[in-house]
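A.B. asks: got a sequence here, can you model it:
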Amino acid sequence: MYSLGFPGSLGYAPGPIYFNRTDVKTAIHAPVDFDWSECANHNVFVNGTDSSALSIEHVLPQVIEATNRVLVANGDFDMIVITNGTLLSIQNMTWNGQLGFSAKPSTPINIPLPDLQYQALFAENGLAGLDGPQGIMGISHFERGLMWAETFQR
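C.D. replies: Okay, here's the model as predicted:
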């Protein structure tokens, strides 16, 4: 088992940090002579010589076109991968012959079931049936093989 090594994650590391593995560093074109950390004071992009194809220009469009079943999702509380940044990237990406979405994502994600994770807890405390439906939990949009989903308060 490997730890991702993010600050604020659980206080123990069940094994070596995944991003410090030489094979992982090689695969993501990271320098193998530095230890991984979430933040760094030095250039981690191999002094600007990383010539990998930009995933938003080449890789992701090819995956969408090959499968026509790709899901990209964000939680609106995520401070590392910002929802609007992801949406802007999608709008600047061409796949299946067109640029971006033709309409703003707006389809509600309605979950009529109670939160099954806490259903037993409600019952144990004499509150069975009071947890009710979760309701509107986000928005989604599907176009040309790409599904976008944003979850609220996550």
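A.B. asks: what's the distance between the lowest-mean-pLDDT helix or strand in the chain and the middle of its chain?
C.D. replies: Every helix and strand in the chain was compared by mean pLDDT, DSSP states H and E; the lowest is helix 119-124, with a mean of 84. Offset of helix 119-124 from its chain centre (C-alpha atoms, centre = their mean, to the nearest Å): 30 Å.
A.B. asks: tell me the buried residues in that helix?
C.D. replies: Phe122 (16 or more other C-beta atoms under 10 Å). C-beta here means a position set from N, CA and C on the backbone, and glycine is covered the same way.
A.B. asks: how about residues contacting it?
C.D. replies: Applying C-beta atoms under 8 Å, 6 or more residues apart in numbering, the contact partners of helix 119-124 are 114, 128-131.
A.B. asks: what is the helix or strand following it packed up against?
C.D. replies: Sequence order places strand 135-143 as the next helix or strand after helix 119-124, per DSSP states H and E. Applying 3 or more C-beta pairs under 8 Å, 6 or more residues apart in numbering; DSSP states H and E, we find strand 135-143 packed against strand 107-111, strand 146-151.
A.B. asks: quick one: buried residues of strand 135-143?
C.D. replies: Under 16+ other C-beta under 10 Å, the buried positions of strand 135-143 are 137-141, 143.
A.B. asks: restricting to C-alpha, output it in CSV.
C.D. replies: C-alpha atoms of strand 135-143 as CSV (Å, rounded to 0.1, in the frame of the first residue of the first chain):
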residue,chain,number,x,y,z
GLY,A,135,-32.1,16.4,-3.4
ILE,A,136,-30.2,18.5,-5.9
MET,A,137,-26.5,17.6,-5.4
GLY,A,138,-25.0,19.2,-8.4
ILE,A,139,-25.3,19.8,-12.2
SER,A,140,-24.3,17.8,-15.2
HIS,A,141,-24.0,18.0,-18.9
PHE,A,142,-23.4,15.4,-21.6
GLU,A,143,-22.2,16.2,-25.1
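A.B. asks: appreciated, that's everything.
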